[in-house]
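S.K.: quick one, fold the following:
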Amino acid sequence: EDLINTLQKSKKISAEVNARVVVAEETNAAIEIACRRYTPVATRGSILYFVIADLANIDPMYQFSLGYFTRTFNNVISASEKSDELLFRLGILITDIT
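M.R.: Below you'll find the predicted structure:
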């Protein structure tokens, strides 16, 4: 009888874990979609960083740290116009960043 009770508990726990796995996979898929939507903004930011980093090749006076760039990038994101419509917001960010 103890064996049957243990197996029933294990079966119940297994069902709960499987349900959580399904929820986690759905959440992961939603996060992945959201991340892909921001890829153009990240790409522009990356291009801008390497352009700024290459300014030091022109003249050493134009050396900027990653911290400087990160603060500037975050300031642009904070100061840019807000919108509840994602595509409009992404367009604003791309325009303001570059």
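S.K.: helices of this structure, start to end?
M.R.: 2-37, 39-58, 66-79, 86-97 (DSSP state H).
S.K.: now do the last one against helix 39-58, angle only.
M.R.: Following axes from the mean of the first three to the mean of the last three CA atoms, to 10 degrees, one obtains 10 degrees for the angle between helix 86-97 and helix 39-58.
S.K.: point to the residue nearest the middle of this structure.
M.R.: For the chain, the residue sitting closest to the mean C-alpha position, by CA atoms, centre = their mean, is residue 35 at 4.9 Å.
S.K.: what pLDDT does that residue get?
M.R.: We have a pLDDT of 91 for residue 35.
S.K.: who's in contact with it?
M.R.: By CB atoms under 8 Å, 6 or more residues apart in numbering, no residues touch residue 35. All C-beta atoms are positioned from the backbone trio N, CA, C, and that covers glycine.
S.K.: separation between it and residue 22?
M.R.: Residue 35 sits 21 Å away from residue 22, going by CB to CB, to the nearest Å.
S.K.: just residue 98 next, same as before
M.R.: Computed with CB to CB, the distance linking residue 98 and residue 22 is 41 Å.
S.K.: do the same with residue 88
M.R.: For residue 88, the distance to residue 22 - CB to CB - is 33 Å.
S.K.: deepest-packed of the helices of the chain, please.
M.R.: Of the helices of the chain, the one with the most neighbours on average (mean count of other CB atoms under 10 Å) is helix 86-97, at a mean of 15.
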